[in-house]
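S.K.: what would the 3D arrangement of this be:
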Amino acid sequence: MIVFRLNAGPQVGFGHLTRCRALAYALREQGESCIMVGPDHAYANDEDDRLFDAWIPQVWDSAENDASLLVMFARSYNAKKIVLDDYRVNEAYQLVLRNEGIKWLQFEARTTQPIWADIVLNANPSAKPEDYAAVLRNPETQLLLGPRYAVLRPEFTNIKNRAHRDQIKKVLVTFGGGDDRGAILFVLVSLIPATSKDLHFIVVSGANNPRNQEIKNWIRLYGQGRVIMKINPPSVASIFADCDLAIMAGGTATYEAACCGLPMLLMTIADNQHSQAKAWADIGAAKLVGNYKNIEGSDLANAMIELVADNRTCKEMGDNGKMNVSSLGAFYVIERFF
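M.R.: Just a heads-up that it's a prediction; the model follows:
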């Protein structure tokens, strides 16, 4: 039995939940059982009934209390190990687990606070062991760093090799499953007037995005028949693979876009996305425009126009992304820890 503790919601986003579901799926394939602790059950889907033997909502009180409750759940379910994917976790939280003899994997991109985890997973393309040298407190901590360990949804395992097309015709626009913070409309308002009528946009949004109705209304009035919006589509891998370019933030979905060989135009909507977005740009898999609150629509339009006109760069971006990400990342993680 493996216990997952994570945070998810419209404001935090659903990247943590997405990758933990994917890891739970891979564990199930290996015959392991899983328990979900944390998110409101309203965020569970039909598949979760198969993935998790129990889903236990847990309101955060304090680090110590939350960790103590988690230990109680782990003991009651005779859990082997814990997976933490929650940026509220601090040193006090970790010390409760360590003092109780719990072994855990921690999704952790921060390198500014003490870390006691047995396994640290950070799929950021720029992550290096030396980044953690000053904060590791457990001498036996193993580091799983880089896109090889990116945990992707299982549908991306079977994705067919995407053939690069000579011209960009379909553009994926997605900013996660939670509140997009106005980024989707910013993209559409900036690019519909500035680009060819032959260019079409596929918007993918989560059901918990509070701006969905506003976006749908705008598309109906001003989309010029060039925009299709999909809310919680049953298969995202096929949508990704059918597009020629992705406009997105710097979150979990970047690994899935890279796996499909999609060139990326990145526009972050949260401060913690910048490092990862910059890393994709640094390895030549994306172009980073900046945080959308700090750029003008013309900045985005100019970046888009340049990419549309530069087929060679787009192909190189797609190739660079694909060579860095494996759809089997979840199984590589399991080999190292479970």
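S.K.: where does this protein have low pLDDT?
M.R.: 160-162 (pLDDT under 70).
S.K.: can you tell me the centre-most residue of it?
M.R.: In the chain, the residue lying closest to the centroid (CA atoms, centre = their mean) is residue 252, at 1.4 Å.
S.K.: relative to residue 224, how far out is it?
M.R.: Relative to residue 224, residue 252 is positioned 31 Å away (CB to CB, to the nearest Å). In this view, the C-beta of every residue, glycine as well, is placed from N, C-alpha and C.
S.K.: against residue 61, how distant is the residue nearest to the centre of the chain?
M.R.: If you go by CB to CB, the gap between residue 252 and residue 61 works out to 27 Å.
S.K.: wait, what's in contact with the residue nearest to the centre of the chain?
M.R.: Shown in contact with residue 252 (CB atoms under 8 Å, 6 or more residues apart in numbering): 15, 18, 19, 176.
S.K.: narrow these to those in helices?
M.R.: Counting by DSSP state H, these place 15, 18, 19 in helices.
S.K.: can you pick the most crowded of those?
M.R.: residue 19 (26 neighbours; other CB atoms under 10 Å).
S.K.: the residue nearest to that residue when sequence neighbours are not counted in helix, strand or coil?
M.R.: Leaving aside its chain neighbours, residue 19 sits nearest to residue 151 (4.3 Å; criterion: CB to CB, 6 or more residues apart in numbering). Following DSSP: H, G, I helix; E, B strand; the rest coil, residue 151 is assigned to coil.
S.K.: could you name the helices and strands sitting against the helix or strand encompassing residue 302?
M.R.: Assigning secondary structure by DSSP states H and E places residue 302 in helix 297-308. With contacts taken as 3 or more CB pairs under 8 Å, 6 or more residues apart in numbering; DSSP states H and E, helix 297-308 sits against helix 183-191, strand 245-248, strand 264-268, strand 286-291.
S.K.: select, out of those, the one closest to residue 108.
M.R.: Residue 108 lies closest, by CB to CB, to one member of the helices and strands packed on helix 297-308: strand 264-268, at 19.4 Å.
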